[in-house]
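> Pasted the sequence and its predicted model underneath.
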Amino acid sequence: MRAIAVIGAGAAGRAFAMRCALAGFAVALEDVMPEKLRRAQDEYAELKPVGEGTLRYALTVEDAVKDADLAIDFVPDELESKLEIFSLLDRMAPPRTILCTPTMALSITDLASCTYRAERCVALRTMTAESVEVVQSRFAAADAIEAVAAMLRTMGMHASVVEDLLEPMLMKNVPHSS
């Protein structure tokens, strides 16, 4: 994994994008509000990074995800916002792109079931500043889970893989496979 698209340049999105760039990834940061991108640009310039990573600023989601190996959103942690961004990312990102979302409240199984790439959808749950749970849905492919965990380790974080234990709200009537 080399290219990461970060959608949302609020405080959490900016911090994640900068950490990815400092860890050596090629990052595209997108936000609908240009002033948030300007703030990210100013903050990144103050860091005076010397690594191999890059941080560019995209004006559209389509531009941000066009070459992404991973697309992560930083939209509000509510079902409608997450469904909307997952639908948009699913349509615009290349088929190989892993869709990732930080969430404490939502089921990644639900979100994944609404895409054409359910096996490439992963959630993150922050435990501490240096420890993250990589949450896999019942659809998740092992290579997608490992790619996200490896990315987090490259960023200096401890990544533990866990099952999605949240009750899916959208999939209540979908039979489980054996």
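Thanks, I have the structure now.
> which non-adjacent residue is nearest residue 112?
residue 121 (3.6 Å; C-beta to C-beta, 6 or more residues apart in numbering). Where you see a C-beta, it was placed from the backbone N, CA and C, and this is true even at glycine.
> is that neighbour in a bridge, and if so with what?
Beta-bridge partners of residue 121, counted by DSSP bridges, are residue 99.
> I'd assumed residue 99 was in contact with it.
Yes: counting by C-beta atoms under 8 Å, residue 121 touches residue 99, with 4.8 Å between them.
> what sits in contact with each of these two?
Listed contacts common to residue 121 and residue 99 are 86, 112, 115; contacts here mean C-beta atoms under 8 Å, 6 or more residues apart in numbering.
> can you redo the residues you listed as JSON lines with secondary structure, distance to residue 52 and neighbour count?
Below are the shared contacts of residue 121 and residue 99 laid out as JSON lines (DSSP: H, G, I helix; E, B strand; the rest coil; distance: C-beta to C-beta, whole Å; neighbours: other C-beta atoms under 10 Å):
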{"residue": "86", "secondary structure": "helix", "distance to residue 52": "30", "neighbour count": "23"}
{"residue": "112", "secondary structure": "helix", "distance to residue 52": "32", "neighbour count": "27"}
{"residue": "115", "secondary structure": "coil", "distance to residue 52": "31", "neighbour count": "18"}
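> Distance to residue 17 added to the residues you listed, as TSV?
Listed next are the shared contacts of residue 121 and residue 99 as TSV, based on distance: C-beta to C-beta, whole Å:
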residue	distance to residue 17
86	19
112	23
115	23
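> what sits against the residue nearest to residue 112?
Taking C-beta under 8 Å, 6+ apart, we find residue 121 in contact with 86, 98-101, 108, 111-112, 115, 137, 139-140, 144.
> in this structure, what spans have low per-residue confidence?
Along the chain, segments meeting pLDDT under 70 span 48-51, 167-178.
> what about stretch 58-76, start to end distance?
One end of stretch 58-76 sits 20 Å from the other (C-alpha to C-alpha, to the nearest Å).
> contact partners of that stretch?
Under the contact criterion C-beta under 8 Å, 6+ apart, stretch 58-76 has outside partners 1-10, 12-13, 16, 28-30, 34, 81-82, 84-86, 88-89, 92-94, 96-102, 124, 147-148, 151.
> Buried ones among the residues you listed?
Burial by neighbour count, 16 or more other C-beta atoms under 10 Å: within the contacts of stretch 58-76 this picks out 3-9, 13, 16, 28-30, 82, 85-86, 88-89, 92-93, 97-102, 124, 147-148, 151.
> residue closest to the middle of this protein?
By C-alpha atoms, centre = their mean, the chain has its centre lying nearest to residue 72, at 1.9 Å.
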